[in-house]
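Peer 1: when you get a sec, could you give me coordinates for this:
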Amino acid sequence: MIRAGRLQHVQTMSDLADALGKKLVTVRNQKPYAAEGHPAPISSPSARNQLWDAEQTKAYYAGEPIPELPQVDDDEDLLDRHEAAELLSIAPVTWNTYKKDPDLAAGVVLVPAGPKGTEHWPRHLVLAYKNKRPGKAAGGGRPTGSGDMIPRDEILPRIAELLDADPAVKGEYVAETLGITFRPTAQSGLATLRGRRIADLVEKQPGLDLKDAARQLGYPATQVQADSMAIAVAERELRARKDQPYLQRTADFLAAAGIAQEVQVEMRQPDGEHVAAAVPLDTDQPAAAVVWDSRYGWRTATSRRHPIGKATDTPPEGEGIRYLGSGLRPEPEELLAALRDGRKGTKRPHPTP
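Peer 2: Numbering: from 1, shown residues only. Coordinates of the predicted model:
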């Protein structure tokens, strides 16, 4: 974590490369930061973008004693997504839903500042969120005939809080408490969150049956329809996560090559079955983003805000769309070459077996 008052000393891998007078790609390949005695990263062990304290690394390379960092927790410590999730005893993927809470969204700190920065949150905001539990008065109930009474991007985080408090919570109670419709909003939200958490547990305990995972989490088998919906979500979630390592590796490669933004790849299922993910490209690139679809492979996209687009049964086509690489999973080097050469690619995806 970034200890209180130490933000100005945060050093990215790019900053470290500059301090050593080397290219970023050289530092990535040589990994001087892995040498015995080198100051440990201040980012969490699972963080994709490693960070260091510049005062510590400066002392190390100068052969001087490495200064100690504060060890006592402070309300102003900055936590990354893994550390925030650990503080709440949830999986990082679940934090991706929680962080949409208005207070957390307003207090997020990008390190370093700018669109490529890694999200961090002050400890006091995470603790305040942890202690905040909505009661029946929070939603105010839903008058007959009205629609959902809270913003859509707040619905899952609010349902998650109720699920934390009572794993067996029913959709009817969620709908009444939050002032949202029972079907599909409350029912679907519960199934989505339960499915994701079932998938989290199965990943931690390989071989665990999905229904057994649901029981361990306290999800009631008596709610037959809700139970089957959550299991279906878990199955889709686990299938989607199998593609995540390849997509993250590709995204990291494109970012290191200087043509894409550094992102934590988020898996989407626009039609509830097939998987898609987007990697935004830098603003000086001809395309706004590249999109991977489990049916068609990689393609360029013209929209930076909504690169994946709506669910369709046919591959997207049109001006600015090129399908890149051979097969569904081309190596990152092949994808990069195709992006750099506007003559490569096709208007339609290659046939897949």
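Peer 1: report the helix or strand with the lowest average pLDDT across this protein.
Peer 2: Lowest on mean pLDDT, DSSP states H and E among the helices and strands of the chain sits helix 136-139, with a mean of 37.
Peer 1: can you pull out the strands in the stretch 251-353 of the chain?
Peer 2: Per DSSP state E, counting those that start in this stretch, the stretch 251-353 of the chain carries strands over the ranges 276-280, 289-293, 297-301, 323-324.
Peer 1: can you tell me which of the ones you listed comes nearest to residue 126?
Peer 2: strand 276-280 (26.5 Å; Cβ to Cβ). C-beta: built from backbone N, CA, C; applies to glycine.
Peer 1: quick one on the thing from earlier: how about JSON lines for the strands of the stretch 251-353 of the chain, with distance to residue 183 added?
Peer 2: Listed next are those as JSON lines, based on distance: least, Cβ to Cβ, whole Å:
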{"stretch": "strand 276-280", "distance to residue 183": "26"}
{"stretch": "strand 289-293", "distance to residue 183": "30"}
{"stretch": "strand 297-301", "distance to residue 183": "33"}
{"stretch": "strand 323-324", "distance to residue 183": "38"}
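Peer 1: dump the ones you listed to CSV, plus mean neighbour count and distance to residue 37.
Peer 2: Converted to CSV, those look like this (neighbours: other Cβ atoms under 10 Å; distance: least, Cβ to Cβ, whole Å):
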stretch, mean neighbour count, distance to residue 37
strand 276-280, 24, 36
strand 289-293, 24, 40
strand 297-301, 23, 42
strand 323-324, 22, 43
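Peer 1: out of the ones you listed, which comes closest to residue 235?
Peer 2: strand 276-280 (17.4 Å).
Peer 1: just checking, what packs against that closest one?
Peer 2: helix 224-256, strand 289-293 (3 or more Cβ pairs under 8 Å, 6 or more residues apart in numbering; DSSP states H and E).
Peer 1: contact partners for the residue lying closest to residue 299 once chain neighbours are set aside?
Peer 2: With Cβ to Cβ, 6 or more residues apart in numbering as the criterion, residue 299 has its nearest non-adjacent residue at 4.8 Å, and that residue is residue 323. Counting by Cβ atoms under 8 Å, 6 or more residues apart in numbering, residue 323 touches 296-299, 315, 345-350.
Peer 1: who does residue 323 bridge with?
Peer 2: As for beta bridges, residue 323 partners with residue 299, residue 346 under DSSP bridges.
Peer 1: picking up where we left off before, including mean pLDDT and distance to residue 106, could the strands of the stretch 251-353 of the chain go into JSON lines?
Peer 2: Below are those laid out as JSON lines (pLDDT from 0 to 100; distance: least, Cβ to Cβ, whole Å):
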{"stretch": "strand 276-280", "mean pLDDT": "92", "distance to residue 106": "23"}
{"stretch": "strand 289-293", "mean pLDDT": "94", "distance to residue 106": "26"}
{"stretch": "strand 297-301", "mean pLDDT": "94", "distance to residue 106": "29"}
{"stretch": "strand 323-324", "mean pLDDT": "94", "distance to residue 106": "38"}
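Peer 1: nearest to residue 102, out of these?
Peer 2: Shortest distance between residue 102 and the strands of the stretch 251-353 of the chain, using Cβ to Cβ, is found for strand 276-280: 24.0 Å.
Peer 1: quick one, the closest one and helix 224-256 angle?
Peer 2: Interaxial angle, strand 276-280 versus helix 224-256 (axes from the mean of the first three to the mean of the last three Cα atoms, to 10 degrees): 30 degrees.
Peer 1: got any ranges where this protein has weak pLDDT?
Peer 2: Across the chain, the ranges flagged by pLDDT under 70 are 133-150, 222-227, 272, 351-353.
Peer 1: can you pull out the helices in it?
Peer 2: With DSSP state H, the ranges of helices along the chain come out as 13-20, 24-30, 54-61, 81-87, 92-98, 102-107, 123-131, 136-139, 152-165, 171-178, 187-204, 210-216, 224-256, 332-340.
Peer 1: nearest to residue 116, of those helices?
Peer 2: Per Cβ to Cβ, nearest to residue 116 of the helices of the chain: helix 224-256, 8.0 Å.
Peer 1: which positions in that closest one come out as buried?
Peer 2: Buried residues in helix 224-256, defined by neighbour count with 16 or more other Cβ atoms under 10 Å: 226-227, 229-231, 233-234, 236-241, 243-244, 246-248, 250-256.
Peer 1: just stretch 178-188 next, same as before
Peer 2: 178-182, 185-188.
Peer 1: ok, now how distant is residue 316 from residue 64?
Peer 2: Relative to residue 64, residue 316 is positioned 56 Å away (Cβ to Cβ, to the nearest Å).
Peer 1: who's more crowded, these two?
Peer 2: Between residue 316 and residue 64, counted using other Cβ atoms under 10 Å, the more crowded position is residue 316 (19 against 9).
Peer 1: hang on, the earlier thing: now the helices and strands packed on strand 276-280 in a markdown table, with distance to residue 174?
Peer 2: Formatted as a markdown table, these follow (distance: least, Cβ to Cβ, whole Å):
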| stretch | distance to residue 174 |
| --- | --- |
| helix 224-256 | 11 |
| strand 289-293 | 33 |
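Peer 1: how does this protein divide up, domain by domain?
Peer 2: Following automatic domain parsing, the chain resolves into domains at 1-121, 133-222, 244-340.
Peer 1: may I see these organised as TSV, with distance to residue 127 added?
Peer 2: Converted to TSV, the domains of the chain look like this (distance: least, Cβ to Cβ, whole Å):
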stretch	distance to residue 127
domain 1-121	7
domain 133-222	13
domain 244-340	23
